[in-house]
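**Q** based on what follows, work out the 3D shape:
(chains A and B)
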There are 2 protein chains.
Amino acid sequence: MTQDIISYFKSLQLEICNALEIADGKSKFILDEWSRPEGGGGLTRVIKEGNVIEKGGVNFSCVEGNLPAFLQKESKTGNASSFLATGVSIVIHPLNPWVPIIHMNVRYFEMNDGTWWFGGGIDLTPHYVNEEQAHWFHLQLRNACDKHEMDFYPKFKKWADEYFFIKHRNETRGIGGIFFDHLNENATMLNKSGLFNFVKEVGNTFAPTYLELINLNKDLPFTEQNKQWQLLRRGRYVEFNLVYDRGTKFGLETNGRVESILMSLPKMASWEYDFVPLSGSPEHQTLHFLNPKL
Amino acid sequence: MTQDIISYFKSLQLEICNALEIADGKSKFILDEWSRPEGGGGLTRVIKEGNVIEKGGVNFSCVEGNLPAFLQKESKTGNASSFLATGVSIVIHPLNPWVPIIHMNVRYFEMNDGTWWFGGGIDLTPHYVNEEQAHWFHLQLRNACDKHEMDFYPKFKKWADEYFFIKHRNETRGIGGIFFDHLNENATMLNKSGLFNFVKEVGNTFAPTYLELINLNKDLPFTEQNKQWQLLRRGRYVEFNLVYDRGTKFGLETNGRVESILMSLPKMASWEYDFVPLSGSPEHQTLHFLNPKL
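**A** Coordinates of the predicted model:
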């Protein structure tokens, strides 16, 4: 099944890039193929300066090699010596502040003693929270989950809320979504092919969901103030990714390919000392949504 | 002596702010006084939108409270229960890309069992390395160190080179300077008042040194390309501070005052996928200086 998973991730990357290029209408993804000295490699596809997408990346990777010591404890026999990890990661930073930032990841990990699991998720980071669209976004994820196991959605939504939290700001990164990890036949009621089907469902949910959010918002007019706020929210995105994101930290600590890991960072971000939005402004309402204590 | 140290740090903050305001010629520092629920507080002074300084902060803090468990091992009797930490931290992000970013920190830490130490340093992050000015900058620090102990400069320069290193980029953050920590009578030949004199020397070296670098560069014309490069180098500054800087990490993990900790981040920063400067360009020469393997 490993080859099927790798093939699916590769074709998912291509399909999503095609869909995003059509939605953008101007820029095209450029392709960067890379190999990893220790084994395996990947295809990084990046897009910039589009009509809709200011900077975005869709990365496929399939790396393998000797199992790092700290992963030994995850081996079910205690005797694994090598691993294979494959997946697709996406971060899209749109130009228009009314279009949300989106992130998706689907991944599969296996060891040579038969240990395996899937992980992934989709989450949304609007610069301005539109409650109706937030509700609709969550509903798409619920529908995708409910086709496979009824406790997935509540569990994975909670997991996302806990994971995408900027502790030092006491704010969520965005409105969450779903996040899951270490899914295998022990952790769920599904067998391997059932879980693969679920992961495919998540992968296939990405493009239609994000395209709808693009179409709803991409032509909305915006002011300089909206743009400034977008830059500040991107600053928070940078803070989350560099301080907390496990994938980013793991990649940087294990000598991963820096450009593919940090393609998640925006073209431009801003920091302002102690910026407090005017009470009642849309910026204030968004902060309130992300930090209910305000 | 603790009160003398606190008073010196407070007056140093004020003197440096006055000097920077005169150098800037337009913007003034605003003052933000804050207290820490667990004890102590600080005065954060920030400046923005100046002629010379785009965004900068000079922070004084003096915090005290129960000793966190992970610091117990630093106590010389093993029986300390409370601490006091005071210091001044500075980061200045200039508008003109030919003016370097500068960082200074001087700090003093004590426990109620008589354990104490000083720490600090000054380091420079030019967007473009000017070798002559780099040499002059290092010389100012050498002169300051040599007045106190002859092995300080070589030791503290090496410490800065090792500390201000962006491991995942295989680049230094800038050209270094000096960095020191845990200095007390056991770690050096100086007694407490000798070390306090050294720390004062470092604090007093900051303003004249940076003002000279401002004056040499602030009126140099720059292009859009120079500005883009500045934003990319600031992106690296953000990466260092959020991924590696011990003060930042310690502050964020121990529920420090976020706005004072993250005042080190620039107004604007940028990330570009796999940006490679043209061979032989000033940008390429700077990268070469920061990463000799290129």
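**Q** would you agree A:N59 is in contact with A:I90?
**A** Yes: with contacts counted by CB atoms under 8 Å, A:N59 reaches A:I90, the gap being 7.5 Å. Heads up, the C-betas are built off the backbone N, CA and C, glycines and all.
**Q** all strands for the stretch 51-200 of chain A, in order.
**A** Counting by DSSP state E, counting those that start in this stretch, the stretch 51-200 of chain A has these strands, from start to end: A:53-66, A:82-94, A:101-111, A:116-125, A:165-166, A:171-172, A:176-183.
**Q** so for the first one, what gets flagged as buried?
**A** What it means is strand A:53-66. A:I53, A:E54, A:K55, A:G56, A:G57, A:V58, A:N59, A:F60, A:S61, A:C62, A:V63, A:E64 (16 or more other CB atoms under 10 Å in any protein chain shown).
**Q** in the stretch 101-250 of chain A, what residue is nearest chain B?
**A** A:L242 (3.8 Å; CB to the nearest CB).
**Q** shouldn't that residue be in contact with B:F240?
**A** No: counting by CB under 8 Å, B:F240 is not a contact partner of A:L242; they are 9.7 Å apart.
**Q** okay, those two: which has more neighbours?
**A** Between A:L242 and B:F240, B:F240 has the larger neighbour count (other CB atoms under 10 Å in any protein chain shown), namely 24 against 21.
**Q** now do the contacts for the more buried one.
**A** B:F164, B:I166, B:R173 (CB atoms under 8 Å, 6 or more residues apart in numbering or on different chains).
**Q** got the angle for the helix or strand hosting it vs strand B:101-111?
**A** Using DSSP states H and E, B:F240 sits within helix B:224-243. Angle, helix B:224-243 to strand B:101-111, by axes from the mean of the first three to the mean of the last three CA atoms, to 10 degrees: 20 degrees.
**Q** run the chain-centre distance for helix B:224-243.
**A** Taking the mean of its C-alpha atoms, helix B:224-243 sits 16 Å from the chain's own mean (CA atoms, centre = their mean, to the nearest Å).
**Q** from the rest of the structure, what touches the helix or strand just after that helix?
**A** From helix B:224-243 onward toward the C-terminus, using DSSP H and E, the following helix or strand is helix B:246-253. Here helix B:246-253 makes contact (CB under 8 Å, 6+ apart) with A:167-168, A:243, B:89, B:105, B:241-242, B:256-258, B:260-262, B:264.
**Q** go again with 7 Å.
**A** With contacts defined as CB atoms under 7 Å, 6 or more residues apart in numbering or on different chains, helix B:246-253 is touched by A:H168, A:V243, B:N105, B:N241, B:L242, B:I261, B:S264.
**Q** excluding its backbone neighbours, what's nearest the fifth one?
**A** It refers to B:L242. Spatial nearest neighbour of B:L242, excluding adjacent residues (CB to CB, 6 or more residues apart in numbering or on different chains): A:L242 at 3.8 Å.
**Q** same check, this time on the last one
**A** The shortest distance from B:S264 to any residue other than its chain neighbours is 4.1 Å, reached at B:V91 (CB to CB, 6+ apart).
**Q** give me the number of residues near that neighbour?
**A** 21.
**Q** one more: A:A80?
**A** Neighbour tally, A:A80, other CB under 10 Å: 19.
**Q** surely it is in contact with A:L67?
**A** Yes: contact criterion CB atoms under 7 Å: A:A80 and A:L67 qualify, at 5.3 Å.
**Q** joint contacts of these two?
**A** Counting by CB under 7 Å, 6+ apart, the common neighbours of A:A80 and A:L67 are A:M111.
**Q** so what's A:S281 up against?
**A** Neighbours of A:S281 in contact, by CB under 7 Å, 6+ apart: none.
**Q** tell me the phi and psi of it?
**A** Note on A:S281: backbone dihedrals following degrees, to the nearest 10 are phi -70, psi 160.
**Q** you'd agree A:L220 is in a strand?
**A** No: counting by DSSP: H, G, I helix; E, B strand; the rest coil, A:L220 is not part of a strand but coil.
**Q** roughly how far apart are the closest residue to A:K167 other than its chain neighbours and B:H148?
**A** Among residues not flanking A:K167 along the chain, A:Y244 sits closest, at 7.2 Å (CB to CB, 6+ apart). In this view, A:Y244 and B:H148 are 41 Å apart by CB to CB, to the nearest Å.
**Q** now A:E185. Nearest residue, chain neighbours left out?
**A** Here the residue nearest A:E185, using CB to CB, 6+ apart, is A:N191, at 5.3 Å.
**Q** shouldn't that neighbour be in contact with A:N197?
**A** No: counting by CB under 7 Å, A:N191 does not reach A:N197; the two are 9.9 Å apart.
**Q** for the longest helix seen in chain A, enumerate the helices and strands it packs against.
**A** Longest helix in chain A, counting residues (DSSP state H): helix A:192-217. Packing partners of helix A:192-217 (3 or more CB pairs under 7 Å, 6 or more residues apart in numbering or on different chains; DSSP states H and E): helix A:2-24, strand A:101-111, strand A:116-125, helix A:131-146.
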